[in-house]
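Visitor: Quick one, structure for this:
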Amino acid sequence: MGAQPFLRAVITGVGCVSPFGVGGHALMADILRAQVSAIRPLTGFSSAGLPSCLGAQVPEGFLPVTDEARRWSRLSHMTVLACREALANARVCSAELLEPVGLVIGSGFGDLRSTEAFSVGFLRKGPVGLSPLLFPNTVMNAMAGSTSIALRLQGPMLTLNQPDVAGELAIVRALALLQAGRASVVLACGVDEIFPLLYETLAEFQVLSPRGHGDEACRPFDTRHNGPVLGEGATAVVLEAPAHARARGAPILAEIRAAGWGSMPARLGYYPRWHEGQQQVLRQAIKAAAGRLAEV
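Guide: This next block holds a predicted model:
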């Protein structure tokens, strides 16, 4: 476990691709105020015969097909849209006008849709069935690569993988890039999609709610918790130092005062019930922010 060293960092832009729409911090605020859930019975593929049937899906209409987007996988499409919205929200009209902009992408599973399609081509036709167009999307940093090219980002580019908290870890790693002086502005984005093969596999292994008992529902911190419900989408934030944001007249939406992270032992497919680890991570974050809590 560790805690992020002292660094004042502010969020100047937010972009999201969600079941409720595509937009910036105003859309995010509307979603939070509405207090409604996007979890519905799955559409787009059948869950018949599976023990689980719920998910939060992004409508295909939110991902417009353009000449540019034809080169992207669905996961890369969501990533580019979210990051583009975040930069616009932060009033970064052109990344070329700033110092190199960094990018950190967090994803729990990556682009398994392209990986399956690439593998099926080989299984059906042998080497001639391997698609050179699909192959670039099978690597885990495909989303970051597509976004860097589309937005002309020239700073450091990283991809992180961790179930459940990949987006949060992307923010922590973005803070580290700022701390190290490797970039003055960093985009941090979390992205994942509901993919039929992934959903079917997790449901059959009873990783998803209801795991054989109770009602299927998303309630991770409830005593009735019986597994997660999958969702999809992308959310990106623009991070920079307060002085840098003020110098360019950027809106300051929030400040990150400290961060803590760690891991807890748990059996595969089960939500950790060991609270000591959670408390230790919280104590680390509070300790790191102790000198600044009075300023709140």
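Visitor: Only the buried residues of stretch 59-71, if you could.
Guide: 62-63, 69 (16 or more other Cβ atoms under 10 Å). Glycine gets a C-beta too; all of them are placed from N, C-alpha and C.
Visitor: For N141, state which of the residues you listed is nearest.
Guide: A69 (18.9 Å; Cβ to Cβ).
Visitor: If we ignore the residues flanking it in sequence, what's nearest that closest one?
Guide: H77 (5.4 Å; Cβ to Cβ, 6 or more residues apart in numbering).
Visitor: gap between that neighbour and V65?
Guide: Noted for H77: a distance of 9 Å to V65, by Cβ to Cβ, to the nearest Å.
Visitor: list residues touching both of these two?
Guide: When Cβ atoms under 8 Å, 6 or more residues apart in numbering defines a contact, no residue borders H77 and V65 alike.
Visitor: that older thread, the residue nearest to A69 sits in which helix or strand?
Guide: helix 74-89 (DSSP states H and E).
Visitor: Enumerate the positions of that helix that are buried.
Guide: Across helix 74-89, burial judged by 16+ other Cβ under 10 Å covers 74-87, 89.
Visitor: likewise stretch 252-259?
Guide: For stretch 252-259, using 16+ other Cβ under 10 Å, the buried residues are 253, 256-259.
Visitor: Please spell out the segments of the stretch 151-296 of the chain that come in under the pLDDT threshold.
Guide: 264-278, 290-296 (pLDDT under 70).
Visitor: Can you show me the strands along it?
Guide: Applying DSSP state E, counting those that start in this stretch to the stretch 151-296 of the chain gives strands spanning 157-160, 185-192, 233-240, 254-256, 260-261.
Visitor: Make a markdown table from the ones you listed and add distance to L134 to it.
Guide: Putting those into a markdown table (distance: least, Cβ to Cβ, whole Å) gives the following:
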| stretch | distance to L134 |
| --- | --- |
| strand 157-160 | 18 |
| strand 185-192 | 19 |
| strand 233-240 | 21 |
| strand 254-256 | 37 |
| strand 260-261 | 34 |
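Visitor: Select, out of those strands, the one closest to T115.
Guide: Closest approach to T115 among the strands of the stretch 151-296 of the chain (Cβ to Cβ): strand 185-192, 13.9 Å.
Visitor: From H25, how far off is the residue most central in space within the chain?
Guide: A centroid search over the chain (Cα atoms, centre = their mean) returns G190, at 1.3 Å, as the residue closest to the centre. As judged by Cβ to Cβ, G190 and H25 stand 16 Å apart.
Visitor: same question, V120
Guide: From V120 to H25 the distance is 40 Å (Cβ to Cβ).
Visitor: Which of those two has more residues huddled nearby?
Guide: Between V120 and H25, H25 has the larger neighbour count (other Cβ atoms under 10 Å), namely 21 against 14.
Visitor: give the contact list for the more buried one.
Guide: With the criterion set at Cβ under 8 Å, 6+ apart, H25 makes contact with 13-14, 89, 253.
Visitor: Give me the residues contacting stretch 115-126.
Guide: With Cβ under 8 Å, 6+ apart, stretch 115-126 has contacts from 129-131, 134-135, 137-138, 195, 197.
Visitor: out of the residues you listed, which are buried?
Guide: Among the contacts of stretch 115-126, those classed as buried by 16+ other Cβ under 10 Å are 134, 137-138, 195.
Visitor: just checking, which of those belong to helices?
Guide: Assigned to helices by DSSP state H, none of those qualify.
Visitor: Dump those residues to JSON lines, plus distance to S18.
Guide: Output for the buried ones among the contacts of stretch 115-126, formatted as JSON lines (distance: Cβ to Cβ, whole Å):
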{"residue": "L134", "distance to S18": "26"}
{"residue": "N137", "distance to S18": "22"}
{"residue": "T138", "distance to S18": "26"}
{"residue": "F195", "distance to S18": "17"}
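Visitor: Which one of the residues you listed is nearest to Q206?
Guide: For the buried ones among the contacts of stretch 115-126, the nearest to Q206 is F195 (18.3 Å; Cβ to Cβ).
Visitor: hang on, that closest one packs against G110?
Guide: No. Counting by Cβ atoms under 8 Å, F195 does not reach G110; the two are 9.9 Å apart.
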